[in-house]
Each structure stands twice: as C-alpha cells, then as structure tokens.
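**Student:** here is my input, please return the structure:
(one chain, ligands or ions: 1)
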Amino acid sequence: MPVTKYIFITGGVLSSLGKGIATASLGLLLKLRGFSVTALKFDPYINVDPGTMNPYQHGEVYVTDDGAETDLDLGHYERFMGITTSRLNNTTAGQVYYEVIQRERKGYYLGKTVQVIPHITDEIKRRMTIFDGQYDIVLIEIGGTVGDIESLPFLEAARQLCLERGSQNTLTLHLTYVPYVRSAEEVKTKPTQHSVKALMESGIRPDILLCRTEQRLSREIRSKIALFCNVDEEAVIEALDVETIYEVPHMFARRGLDTIVLRKLGLQGKPLRMERWNRFVQRIKNPRYEVTIAFVGKYTQYRDSYKSILEALTHAGAVANARVHIRWISAEELSLDGVVSNALEGVDGILVAPGFGSRGVEGKIAAAGYARRQNIPYLGICLGMQCAIIEFARNVCGWPDAHSAEFARTAHNVIDLLPEQRKVKQKGGTMRLGAYPCVIRKGTKAWEAYRQELVYERHRHRYEVNPDFLPTLQQHGLLVSGTSPDGRLVEIAELRHHRWFVGVQFHPEFKSRVPEGHPLFVHFVRAALRYRQQRQAIATEVAQGA
Ligand code: GLN
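**Tutor:** Reported below is the predicted structural model:
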C-alpha cells in the first residue's frame with residue numbers, strides 16, 4: 001500500500017484564475033512521471049450538489065459514471081488526467097453539514113456540543129483522505145478564494161492534515177494573480193503578498209506559488225515575491241496566459257513544476273515524456289482544415305455552461321485535423337422560419353445543446369428542422385435529440401401538436417415521463433443520472449462511430465422517447481440506432497435518408513478524453529468537414545465552368 005501524499009491547491013486574489021486547470025495539469029504531469037494520481041474538489045457552498053443551480057451561477061453540471069452531479073472541474077481532471085472520477089471526488093459544504101447533522105440526529109454525538117472544529121473539520125478530513133493508501137498522490141483543490149468565510153473550515157482541515165501527515169507527505173500550492181498595471185508599466189506583487197498573508201492566517205504556509213500573469217515575470221520580481229511570501233525562489237512559478245488550456249501542462253513542465261513538487265515530497269519518478277500530449281496540442285494550434293459548427297443553446301452568453309461540449313469539439317477537431325469555429329446561436333431568437341435560415345446559412349454542422357425548461361425550445365426544434373430539410377450534419381444532445389424527434393413528429397409524421405410533456409400535455413407527447421420518473425417528487429439528484437448501457441445497432445451512423453456493440457454513456461434527464469409513438473416514427477424514417485439492453489429506452493436516434501443526423505439521449509461530451517476524443521463528436525466533425533469540402537468542390541466547379 002503506498003503512503004499517499006497530499007497536495008493542496010488553494011487560490012487567492014480573485015476567482016476564475018484557472019485553479020481547476022492548474023490542478024488537472026499538475027495531475028497529468030505527476031501521472032506522466034509514473035505515479036497513480038487522483039484529484040478531489042471541495043466546494044464551500046451549502047448546496048448539496050450543483051444539480052439544481054442555474055448555469056449562470058455555476059456553469060456546467062458535470063456528471064460522473066456513478067451519477068453524481070458535480071463541479072465542472074471534475075471534467076478537467078478526467079480530460080487531462082485520463083481518470084474516471086465518482087461522487088467521492090467532489091464534496092460541498094452542504095454535504096459535510098448534512099452528514100454531520102444526520103449523525104447528530106441519530107445520537108452519535110450524544111452529550112457533546114457539535115462544532116465546526118472538530119466535527120465539521122473531521123468530516124472534511126475523512127473525505128479528503130477517502131482514497132488513503134489507494135493512490136501515490138491525491139490532489140485536493142479547495143474552491144473559492146482564500147479569505148472567504150466559507151473556505152475557513154476547509155483550510156483548517158487542510159492545516160490539520162499537513163500537521164498530522166508531516167511535511168514529507170503534504171504540500172500546498174497557492175495560485176495567485178500578479179497584475180500588470182499599465183499606467184505604472186509594472187507588474188504588481190502586492191495582491192499576492194496579501195493573499196499569502198491571508199492563507200498564513202489560517203496556518204498554512206504555501207510551498208509553491210503559481211503566479212497567473214499576462215506579462216513575463218523577471219527574476220527580480222520572482223525573488224521579491226519569494227522574499228515577501230517566504231517561499232523558495234525556484235518555487236515562485238510564472239503561469240503565463242496561453243492560447244489553449246491544453247498548453248498549460250507543458251508550460252508548467254518547462255518551469256520545472258513537477259520536479260519541484262516531487263523533490264519536496266521526496267519522490268523520484270521517471271523522466272517526463274510529453275510527445276503524445278504535445279502532438280495533440282500542435283493539432284489544436286495548427287490544424288490543416290476548418291469547419292464552422294452552429295451551436296444552438298440557451299446560455300450562449302455564458303459558455304461555461306457548455307464546457308464539456310466545447311472541449312469535446314476541440315478534441316474532435318484535433319483528431320479530424322480541423323479548427324472548429326463555433327457560431328453561437330441563441331435558441332430564443334431562432335423560432336421564426338426566415339430567422340432560422342439566416343442564422344444557420346453556410347454552417348457545416350448544427351449542434352443543438354441540452355437544456356431544461358421551455359425557453360428556447362421552439363428555436364431548437366426549428367434548428368433541427370432546418371438541418372433535416374437541408375441535409376446538414378446534426379448532433380442533438382439530450383434535449384437536442386428530443387427536439388429533433390418533436391420536429392420529425394410534427395412535420396414528417398403530420399402531428400402538429402407533437403411535443404414533450406415537459407412543455408405541454410397534448411395528444412402526441414412523443415417525449416414523456418416513464419412510470420419511474422412519474423413518482424418522483426423531490427428535485428435534487430432524482431433524474432436518470434450517470435452511466436447506463438446502450439446497445440448499438442449495426443449498419444448505422446452510431447455503429448460507424450463506435451464500432452462496438454455495447455457502450456456506456458452518462459445521462460442527466462427525466463424525459464424519454466415515448467414508446468407508444470415509436471412504430472409510427474420508425475415507419476416514417478426515424479432509425480433507432482441505440483437502445484437500452486432491454487430495448488425499452490431509445491438512446492440514439494438517426495434519420496435514414498440524411499448525410500449525418502444523430503440525436504443522443506445521453507451526454508457523450510462527459511466522456512471525451514485527450515487525445516482520442518469521443519467517437520460521436522469525431523464523426524460529427526468529420527461529417528461537417530466532408531459536407532464543407534463537397535460544397536467547396538461544387539463551388540470551384542461552378543466557378544471554372546462559368
Ligand atoms: N429537459 C430534458 C429532460 O429532462 C432534457 C435534459 C437535458 O437536455 N439534459 O429530459
């Protein structure tokens with residue numbers, strides 16, 4: 001059993017500095033150095049999970065195989081480190097308090113006053129060490145910014161663990177911001193000094209500072225930070241802005257981050273080999289081709305809501321050797337026929353995003369109709385698949401009232417709740433969540449992509465294709481290419497006479513990994529690229545003929 005080493009990652013000065021990506025990047029480097037690594041995220045909010053939070057508040061809800069609705073940073077961990085996380089990898093303050101209060105009600109603490117220290121911090125430590133002995137290294141990312149009231153119990157738990165496990169087995173890394181002030185033509189170290197001071201007030205002395213900055217940090221600046229923050233000079237690491245997040249691991253490696261971390265933890269490790277990773281990054285940065293995909297969604301202003309889909313498109317682009325340009329289209333503005341053709345004119349593929357609630361649904365249905373009629377490659381994810389089926393039922397099967405029961409009760413609810421969801425009363429954590437098996441039918445687009453009979457994909461929805469209407473839908477040309485093993489649930493639907501039209505009830509984006517990407521995204525991007533090249537070839541012929 002290995003003695004597990006713990007690395008705590010905290011953040012200071014301001015949020016959105018990319019702590020999740022820094023954690024995932026360090027995790028990748030340590031994995032490439034030969035260690036078994038996992039990463040945990042601790043979120044200081046009181047919600048039990050982000051499942052019921054608005055995407056504007058929290059960005060995407062990332063779903064694990066075991067059906068936990070989690071923070072989107074787990075997506076970065078899975079994509080960068082190639083690991084599979086579970087509900088054990090994400091803890092919120094809400095879960096910690098819930099657990100402690102339930103124990104209190106059961107009489108577990110009889111006679112005692114239940115307090116933040118030690119009861120809350122003990123429960124946090126239990127969760128921080130849940131993989132003790134199972135991995136060489138566990139990365140622990142603490143959400144929020146140092147100095148927030150909410151983060152205090154998590155920092156206290158981290159401090160206690162550092163003391164208990166000793167300095168050979170623990171390490172803290174603090175991500176800060178070093179702004180460039182134009183009027184003074186200088187980078188400023190004061191915010192970093194303050195945030196390290198705040199961290200030290202919690203009893204934690206950072207071993208390594210990762211300094212986010214837009215300008216290179218001179219040796220002088222780094223020694224100044226080292227001196228004022230009480231950190232080794234070599235451990236003040238500049239984290240410059242880069243073109244793609246996938247360059248971050250290499251940038252850290254160039255600054256020696258992995259070597260410093262291993263030395264401080266008393267580990268050796270094998271030499272770092274990043275050829276495969278770097279080839280992938282090169283493909284992202286300098287691809288040969290281009291495609292434009294229309295992204296039809298409700299939160300086009302707030303792109304963190306679609307993080308995993310965007311990353312899956314990036315991975316697929318790298319595999320297909322194409323830069324994927326996104327044309328953002330707000331579903332709400334898309335419901336009229338003339339508007340649809342204007343907005344979608346000239347794109348090489350159309351992706352309709354997942355979603356909940358009726359806002360923008362008619363626009364999504366219109367986009368699916370446009371893709372169907374114009375024979376444009378289409379990928380519909382979850383609600384995007386349901387909208388494609390509603391459109392097909394209305395305009396091909398001739399049921400103008402066809403709809404999902406989520407939005408209207410009609411005689412043709414082609415999308416509906418199945419009995420197991422009808423019983424559900426509570427909102428949080430009660431959807432069809434997590435990985436389910438899907439049997440792929442041979443001779444379909446889905447088969448061309450997967451080339452496997454049985455796949456597992458992650459779900460997050462309540463509604464399903466209504467089996468009552470399936471025979472008619474199929475008679476009119478809908479092809480069911482993936483189902484649950486008992487054949488009851490439609491997991492993938494396609495159009496028979498179309499160049500590439502695939503709707504999936506699940507979320508393939510959660511399983512797209514570097515560098516191979518996800519088969520459905522790769523085939524969607526390839527179909528879009530072929531469609532573009534065909535149109536270009538025709539245009540050239542016409543021009544030459546003229
Ligand atoms: N709102 C739909 C449902 O619950 C689709 C959900 C989604 O797109 N993730 O079934």
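
**Student:** for Trp399, give me its contacts.
**Tutor:** Shown in contact with Trp399 (C-beta atoms under 8 Å, 6 or more residues apart in numbering): 393, 411-412, 414. The way it works is simple: take the backbone N, C-alpha and C, and place the C-beta from them, glycine included.

**Student:** which of those lies closest to Ala39?
**Tutor:** Distance to Ala39, by C-beta to C-beta, is smallest for Val414 among these, at 41.2 Å.

**Student:** gap between the closest one and the ligand?
**Tutor:** 12 Å (C-beta to the nearest ligand atom, to the nearest Å).

**Student:** what of Ala158?
**Tutor:** Distance from Ala158 to the ligand, counting by C-beta to the nearest ligand atom: 35 Å.

**Student:** give the contact list for that residue.
**Tutor:** 8, 10, 128, 140, 142, 172, 204.

**Student:** get me the contact residues on this structure for the ligand.
**Tutor:** 354-356, 382-383, 406, 460-463 (C-beta under 6 Å from any ligand atom).

**Student:** can you tell me which of these are in helices?
**Tutor:** If you go by DSSP state H, the residues of the chain next to the ligand have Leu383 in helices.

**Student:** got a quick PyMOL command for the buried subset of the residues of the chain next to the ligand?
**Tutor:** Typed into PyMOL, the next command selects the buried ones out of the residues of the chain next to the ligand (criterion: 16 or more other C-beta atoms under 10 Å):
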select buried, resi 354+355+382+383+406+460+461+462+463
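
**Student:** need the max-distance pair from the residues of the chain next to the ligand.
**Tutor:** Most distant of the residues of the chain next to the ligand, by C-beta to C-beta, are Glu406 and Arg460, 13.8 Å apart.

**Student:** could I get the residues of the chain next to the ligand in a markdown table, plus columns for pLDDT and distance to Lys106?
**Tutor:** Output for these, formatted as a markdown table (pLDDT from 0 to 100; distance: C-beta to C-beta, whole Å):
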| residue | pLDDT | distance to Lys106 |
| --- | --- | --- |
| Pro354 | 96 | 38 |
| Gly355 | 94 | 40 |
| Phe356 | 93 | 35 |
| Cys382 | 98 | 38 |
| Leu383 | 97 | 40 |
| Glu406 | 95 | 38 |
| Arg460 | 96 | 31 |
| His461 | 96 | 34 |
| Arg462 | 95 | 32 |
| Tyr463 | 96 | 37 |
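
**Student:** returning to what we had before: identify, from the contacts of Trp399, the entry nearest to Leu262.
**Tutor:** The closest of these, once distances to Leu262 are taken by C-beta to C-beta, is Val414, at 56.5 Å.

**Student:** hang on, the closest one in a strand?
**Tutor:** Yes - counting by DSSP: H, G, I helix; E, B strand; the rest coil, Val414 is found in a strand.

**Student:** pull the contacting residues for it.
**Tutor:** Per C-beta under 8 Å, 6+ apart, neighbours of Val414: 389-390, 393, 399, 402-404, 465-466, 469, 473.

**Student:** ok, now with 7 Å
**Tutor:** 389-390, 393, 402, 465-466, 469 (C-beta atoms under 7 Å, 6 or more residues apart in numbering).

**Student:** how close does it get to Trp328?
**Tutor:** As judged by C-beta to C-beta, to the nearest Å, Val414 and Trp328 stand 28 Å apart.

**Student:** narrow the residues of the chain next to the ligand to those in strands?
**Tutor:** Among the residues of the chain next to the ligand, DSSP state E puts 460-461, 463 in strands.

**Student:** where do the strands sit along the stretch 351-500 of the chain?
**Tutor:** 378-381, 403-404, 413-417, 432-440, 454-461, 463-465, 478-483, 490-495 (DSSP state E, counting those that start in this stretch).

**Student:** now, of the ones you listed, which is deepest in the fold?
**Tutor:** By mean neighbour count, with neighbours taken as mean count of other C-beta atoms under 10 Å, strand 378-381 ranks first of the strands of the stretch 351-500 of the chain at a mean of 28.

**Student:** that strand pairs with which strands, and in what direction?
**Tutor:** Take DSSP bridges as the rule and strand 378-381 pairs in its sheet with strand 349-352 (parallel), strand 501-504 (parallel).

**Student:** tell me which element Glu78 is part of?
**Tutor:** Per DSSP states H and E: Glu78 is located in helix 73-81.

**Student:** for that helix, list the C-alpha coordinates in CSV.
**Tutor:** Provided in CSV are the C-alpha atoms of helix 73-81 (Å, rounded to 0.1, in the frame of the first residue of the first chain):
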residue,chain,number,x,y,z
ASP,A,73,-13.5,20.9,-12.5
LEU,A,74,-14.0,17.2,-12.3
GLY,A,75,-14.4,17.4,-16.1
HIS,A,76,-10.9,18.9,-16.4
TYR,A,77,-9.5,16.2,-14.1
GLU,A,78,-11.0,13.5,-16.2
ARG,A,79,-10.0,15.0,-19.5
PHE,A,80,-6.4,16.0,-18.6
MET,A,81,-5.5,13.1,-16.3
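
**Student:** now do it: which elements does it pack against?
**Tutor:** helix 19-32, strand 37-43, helix 307-320 (3 or more C-beta pairs under 7 Å, 6 or more residues apart in numbering; DSSP states H and E).

**Student:** need the next SSE after that helix, C-terminal direction.
**Tutor:** Following helix 73-81 in sequence, per DSSP H and E, is strand 90-92.

**Student:** please tell me I have it right and Leu171 contacts Arg263.
**Tutor:** No - judged on C-beta atoms under 7 Å, Leu171 makes no contact with Arg263 at a distance of 10.3 Å.

**Student:** can I get the strands of the stretch 351-500 of the chain in CSV with distance to Arg283?
**Tutor:** Shown next, in CSV, are the strands of the stretch 351-500 of the chain (distance: least, C-beta to C-beta, whole Å):
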stretch, distance to Arg283
strand 378-381, 21
strand 403-404, 39
strand 413-417, 38
strand 432-440, 27
strand 454-461, 25
strand 463-465, 36
strand 478-483, 29
strand 490-495, 28
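
**Student:** nearest to Arg87, out of those strands?
**Tutor:** Between the strands of the stretch 351-500 of the chain, strand 432-440 lies closest to Arg87; by C-beta to C-beta that is 9.3 Å.

**Student:** the closest one vs strand 478-483, what angle?
**Tutor:** Per axes from the mean of the first three to the mean of the last three C-alpha atoms, to 10 degrees, the angle that strand 432-440 makes with strand 478-483 is 110 degrees.

**Student:** re earlier: need the strands paired with strand 378-381 in JSON lines (columns: mean neighbour count).
**Tutor:** Below are these laid out as JSON lines (neighbours: other C-beta atoms under 10 Å):
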{"stretch": "strand 349-352", "mean neighbour count": "27"}
{"stretch": "strand 501-504", "mean neighbour count": "27"}
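
**Student:** among these, which is nearest Ala527?
**Tutor:** With C-beta to C-beta as the measure, strand 349-352 is the member of the strands paired with strand 378-381 nearest Ala527 (6.8 Å).

**Student:** and stretch 499-515, end to end?
**Tutor:** Using C-alpha to C-alpha, to the nearest Å, the end-to-end distance of stretch 499-515 comes out at 26 Å.

**Student:** buried set for it?
**Tutor:** Those would be 500-515, for stretch 499-515 by 16+ other C-beta under 10 Å.
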